[in-house]
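A.B. asks: Test case, fold it:
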Amino acid sequence: MKNINRINIIKAPKLIVFIMAALLLCGAILSCKAKTAGPDPQFIAGVSGGVLTRREQVKVVFTQSQDTAKSLGSNVLTLRPAAKGEVSWQDEYPLVFIPAEPLKPGQHYQVQVNLNGISSFSFDFMTALPSLHVNLDPVQITENGDALVQGTVIVDEGEDISNIEETVSSPELGKPMWSHEYGTHRFIFSPVSRFNVSRTASITWDGKALGSGEKGFTSVLIPGTDTFEVIGLRGDNGIIEVSFSSPLKAYSDLRGFISLSGKTDVRYSLEGNIVRIFGDGTGSIPSGAELTIQDLEDINGRRLTVPVQYVVPDKWELPEIRFAGNGAILPTSQGAQLVVETRNVSGLLVEAFHIYADNMIQFLQVNNLDEDRELYRVGEPVWTRAFDFPWAVTDQNRWVRRGLDVSELSRNYPGGMFRIRVSYRQRHIHYECTAGHGDFSHLTFPDDSFRSYYRDGAGSYWDNFYNTPNYDWNQWYNYREDPCHPAFYALNYYGHDVTIGRNVLVSDLGLLAKRSLDGSWLVATTNLISARPSPNTNYKVYNYQGRLLFEGRTGVDGTALIPQFAEGAGTGPSLFVYAENNLGRA
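C.D. replies: Residues are numbered from 1 along each chain as shown. Next up, the predicted model:
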């Protein structure tokens, strides 16, 4: 006992020193700091999370409206590591941090929120590494015989144009010229004079100016002038693209020279030296089809040196879904069937979000009829279903139409409008992973739930996959287009999203409102089934704030004229017109 007491007494001072040192160390190192509680769902509807772009706003959305007139302290929302930016109220619900400059790429940030009346909490996110994708077009041959080498660059939104123009070059061709329009960045090198024999040129790209580690090179063939031959052939998204060493003779019909498995009823387009083949009479190019091109002549009358013989590989296209057609009104003549087209997908998850009739004006204050901003304020999810469809071997890589019966919605939830979201998961797809593919069975795949509607469609704090075991950001980024990896189902990247959405109003009533030069308004109602006017239809006109300005009924021809002198008819930024009869609402 004495020995034991002596040991404790001796060890105690050293233990105290060790604990104090550890506490001091924890005050300086984030990883040792005691974690603040996460967001409380009672007060917090959602926060930014997962992987954000370097210029993206960091948001905290509250469940109850806040007093935006109160000044915000300097520490109401802070980032660690520190970042320059401005904190402000976007409206009475979202608090946002707007970076003054791009955040550090690939950085893990912790956000601390300290707002009076709500317990302090923290959350974290990561910033994406800058992306760089270079796509080369087929070499184009001009009428005077020069070769044009051109392509597009895809980068993150908001990148500095001067930095983008530093990404692509060629040792042989020099620096390209650039054009930037609607977020598309195109480059083209000066026309290249062709020699008698073919030669190659290297195209290199480097994302260093963007802060990206992406770099690479490829070689392009500058064809010689002595022969007429195929210089490139590639298949992508159901299209076969064949480029030749000189422009083709202006045939009235190429179908006598092109065939798919012996069938000459092919659909194609011709642009100079490039032929694009879209399929045969069935509307597609099936795997295993044999493409034959022979006896073609170029503009100089030279016949193709070697006929084209190409077999379409047995390749699985990426699973994808899309809506058929467009528009937000679904007539009952379609049997309340919402048509979705699927490729290599044989099952779907469907969610219906009901935008209540009383909230339609509030919805339209910030949306067009087909948009989905701030839905969490005007409705809620009311219906989810899972659909399974038969699969046939011949369905591989084909777009197959599926009808989704949504008649139950209009019966059980009359009035208002629905936001329909359609998605799928790994069990629904038909796809073969490449040989030697890694095993991802230990990773967490998304469940069947849909992301919650928060500000501008952002996912909630609880949707973050980077908090799951075995998460590795670089791996997820690299496998974002791989259906065998969970990143394919969890990330929305450059338009890739396994979830699609559309607003649907089940109705047979069409409505048109058009303002005349004198300030009056013409209202016309139509029967969408018969395409004839819908007479004696009641309508109402509201101002932007939702106040009833005018009401009336269309005549026997389905039209009505709202005079300019009607109160408020010629003022205000927007007017809302509502009509209803036995055909439905519009």
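A.B. asks: so what are the domain limits for this structure?
C.D. replies: 2-29, 44-127, 132-311, 320-504, 507-585 (automatic domain parsing).
A.B. asks: Do me a favour and get the end-to-end distance for the fourth one?
C.D. replies: Distances were taken as C-alpha to C-alpha, to the nearest Å; on that basis the terminal residues of domain 320-504 are 21 Å apart.
A.B. asks: distance between it and the chain's centre?
C.D. replies: Using C-alpha atoms, centre = their mean, to the nearest Å, the mean C-alpha position of domain 320-504 is found 12 Å from that of the whole chain.
A.B. asks: tell me the mean pLDDT for it?
C.D. replies: For domain 320-504, the mean per-residue pLDDT is 78.
A.B. asks: With the second one instead?
C.D. replies: With pLDDT averaged residue by residue, domain 44-127 scores 86.
A.B. asks: chain center to it, what's the gap?
C.D. replies: So, by C-alpha atoms, centre = their mean, the centroid of domain 44-127 is 24 Å from its chain's centroid.
A.B. asks: Report the secondary structure state of residue 410.
C.D. replies: helix (DSSP: H, G, I helix; E, B strand; the rest coil).
A.B. asks: quick one: the residue lying closest to it once chain neighbours are set aside from residue 540, how far?
C.D. replies: For residue 410, ignoring the flanking residues on the chain, the nearest one in space by C-beta to C-beta, 6 or more residues apart in numbering is residue 506 at 4.2 Å. Yep, even glycine has a C-beta here, placed from its N, CA and C like the rest. Using C-beta to C-beta, to the nearest Å, we find residue 506 at a distance of 20 Å from residue 540.
A.B. asks: who's more crowded, the two?
C.D. replies: The neighbour count for residue 506 versus residue 540, taken as other C-beta atoms under 10 Å, is higher for residue 506 (21 against 14).
A.B. asks: give the contact list for the nearest residue to residue 97 once chain neighbours are set aside.
C.D. replies: Among residues not flanking residue 97 along the chain, residue 58 sits closest, at 4.1 Å (C-beta to C-beta, 6+ apart). Residues near residue 58 by C-beta atoms under 8 Å, 6 or more residues apart in numbering: 48, 52, 77, 79, 96-97, 99, 111, 125.
A.B. asks: Which of those residues fall within helices?
C.D. replies: Residues of the contacts of residue 58 located in helices (DSSP state H): none.
A.B. asks: Would you mind putting those into CSV with neighbour count alongside?
C.D. replies: As requested, the contacts of residue 58 are exported to CSV (neighbours: other C-beta atoms under 10 Å):
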residue, neighbour count
48, 25
52, 19
77, 21
79, 19
96, 19
97, 22
99, 19
111, 19
125, 22
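A.B. asks: Closest to residue 231 out of those residues?
C.D. replies: residue 52 (42.8 Å; C-beta to C-beta).
A.B. asks: And the residue nearest to residue 97, how far from residue 108?
C.D. replies: From residue 58 to residue 108 the distance is 13 Å (C-beta to C-beta).
A.B. asks: For residue 208, give me the backbone phi and psi.
C.D. replies: phi -60, psi -40 (degrees, to the nearest 10).
A.B. asks: neighbours of it, just the number please.
C.D. replies: 14.
A.B. asks: which residues does it contact?
C.D. replies: 166, 215.
A.B. asks: For the nearest residue to residue 147 once chain neighbours are set aside, give me the pLDDT.
C.D. replies: Of all residues not flanking residue 147 in the chain, residue 192 sits nearest, at 4.4 Å (C-beta to C-beta, 6+ apart). Turning to residue 192, the model gives it a pLDDT of 93.
A.B. asks: Use 52 as the first number for this chain going forward.
C.D. replies: Yes, from this point I'll number from 52; that puts the last item at residue 243.
A.B. asks: which residues touch residue 243?
C.D. replies: Counting by C-beta under 8 Å, 6+ apart, residue 243 touches 197-200, 224, 252, 273.
A.B. asks: and what of residue 146?
C.D. replies: Here residue 146 is in contact with 110-113, 117, 127-128, 138-140, 164, 166 (C-beta under 8 Å, 6+ apart).
A.B. asks: Show the buried residues in these.
C.D. replies: The neighbour count (16 or more other C-beta atoms under 10 Å) marks 110-113, 117, 127-128, 138, 140, 164, 166 as buried among the contacts of residue 146.
A.B. asks: can I get these in TSV with distance to residue 570?
C.D. replies: Shown next, in TSV, are the buried ones among the contacts of residue 146 (distance: C-beta to C-beta, whole Å):
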residue	distance to residue 570
110	41
111	44
112	40
113	41
117	40
127	47
128	47
138	44
140	37
164	49
166	47
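A.B. asks: Stretch 435-448 spans what distance, first to last residue?
C.D. replies: Across its full length, stretch 435-448 reaches 27 Å between end residues, using C-alpha to C-alpha.
A.B. asks: list the buried ones in that stretch?
C.D. replies: So stretch 435-448, judged by 16+ other C-beta under 10 Å, has buried residues 438, 446-448.
A.B. asks: out of the contacts of residue 146, which are inside strands?
C.D. replies: 110-113, 128, 138-140, 164, 166 (DSSP state E).
A.B. asks: Can you tell me which of these is nearest residue 268?
C.D. replies: Distances from residue 268 to these, taken by C-beta to C-beta, are shortest for residue 110, at 40.0 Å.
A.B. asks: rewinding a little: tell me the one of the buried residues of stretch 435-448 nearest residue 352?
C.D. replies: residue 448 (38.4 Å).
A.B. asks: isn't the closest one right next to residue 365, touching?
C.D. replies: No - using C-beta atoms under 8 Å, residue 448 makes no contact with residue 365, being 9.3 Å away.
A.B. asks: any shared contact partners between these two?
C.D. replies: residue 338.
A.B. asks: that older thread, what is in contact with residue 109 and residue 159 at once?
C.D. replies: By C-beta under 8 Å, 6+ apart, the residues touching both residue 109 and residue 159 are residue 176.
A.B. asks: What segments of the chain are helices?
C.D. replies: Under DSSP H, the chain gives helices at 53-79, 212-215, 411-415, 458-463, 524-529, 538-541.
A.B. asks: The second one - contacts with which helices or strands?
C.D. replies: Read it as helix 212-215. Helix 212-215 sits against strand 228-232, with contacts defined as 3 or more C-beta pairs under 8 Å, 6 or more residues apart in numbering; DSSP states H and E.
A.B. asks: List the strands paired with the strand it packs on, with their directions.
C.D. replies: strand 235-239 (antiparallel) (DSSP bridges).
A.B. asks: so how far is the partner strand from its chain's centroid?
C.D. replies: Per C-alpha atoms, centre = their mean, the centroid offset for strand 235-239 relative to its chain is 21 Å.
A.B. asks: which parts of it are buried?
C.D. replies: 236-238.
A.B. asks: out of everything not next to it in sequence, what's closest to residue 285?
C.D. replies: residue 292 (5.4 Å).
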